[in-house]
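In: missing the sequence, but the structure's below:
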């Protein structure tokens, strides 16, 4: 897959997430997908995303920047949302918070096989006045 094809595939994946088109998630994520080193499979990955959206109905995945070195993509995603209850073990309860996710994806056969994600939870704590 070329760099351009990889970037297009990733943008299509983000579009799928933002449309909540869970039935098409398998077009983008491999059956044996791994998340932070743990095999979760397509079903587990979908369940995780559905849980995120249930807890954060206005969750929208916004690409800040992308770096492609096939078969890997690195992305910084921006989030500005209002979780209904807890987020990262913190009582948000409908308050608006903003945070970022730094994430790497490894593609194989046109689909995401590995995801390595680090979410900036400290910035959420600071927004809630809890320090870092």
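Out: Sure thing, it's come through. The shown structure was predicted, so the numbers you read here are calculated from the model rather than taken from an experiment. Numbers count the residues shown, from 1 in each chain.
In: Adjacent strands (with direction) for the helix or strand of the chain with the lowest mean pLDDT?
Out: Of all the helices and strands that make up the chain, strand 86-87 has the lowest average by mean pLDDT, DSSP states H and E, namely a mean of 82. Strand pairing for strand 86-87, determined by DSSP bridges: strand 90-91 (antiparallel).
In: what sits against residue 116?
Out: 36, 37, 103, 104, 105 (CB atoms under 8 Å, 6 or more residues apart in numbering). Placement of C-beta: from N, CA and C, glycine included.
In: Can you show me the strands along the protein?
Out: For the chain, the strands defined by DSSP state E cover 29-35, 38-39, 62-69, 72-81, 86-87, 90-91, 97-108, 111-119.
In: Could you list the low-confidence segments of the chain?
Out: For the chain, the stretches flagged by pLDDT under 70 are 131-132.
In: Contacts for the lengthiest helix in the chain, please.
Out: Looking across the chain with DSSP state H, the single longest helix is helix 3-19. Outside helix 3-19, the residues within contact range by CB under 8 Å, 6+ apart are 1, 24-25, 27-29, 49, 60-61, 63, 66, 68-71, 73, 75, 105, 107, 110, 112.
In: And for stretch 60-76?
Out: Residues from elsewhere that reach stretch 60-76, judged by CB under 8 Å, 6+ apart: 1-3, 6-7, 10-11, 14, 17-18, 77-81, 100-108.
In: Distance check, the closest residue to residue 24 other than its chain neighbours against residue 69.
Out: Closest residue in space to residue 24, ignoring its immediate chain neighbours: residue 16 at 5.4 Å, by CB to CB, 6 or more residues apart in numbering. Note on residue 16: its distance to residue 69, by CB to CB, to the nearest Å, is 23 Å.
In: got it, and residue 84?
Out: Shown here: residue 84 relative to residue 69, a distance of 37 Å by CB to CB.
In: my guess is residue 31 meets residue 42, correct?
Out: Yes: using CB atoms under 8 Å, residue 31 makes contact with residue 42 at a distance of 5.0 Å.
In: Dig out what residue 106 forms beta bridges with.
Out: Here residue 106, judged by DSSP bridges, has bridge partners residue 72, residue 114.
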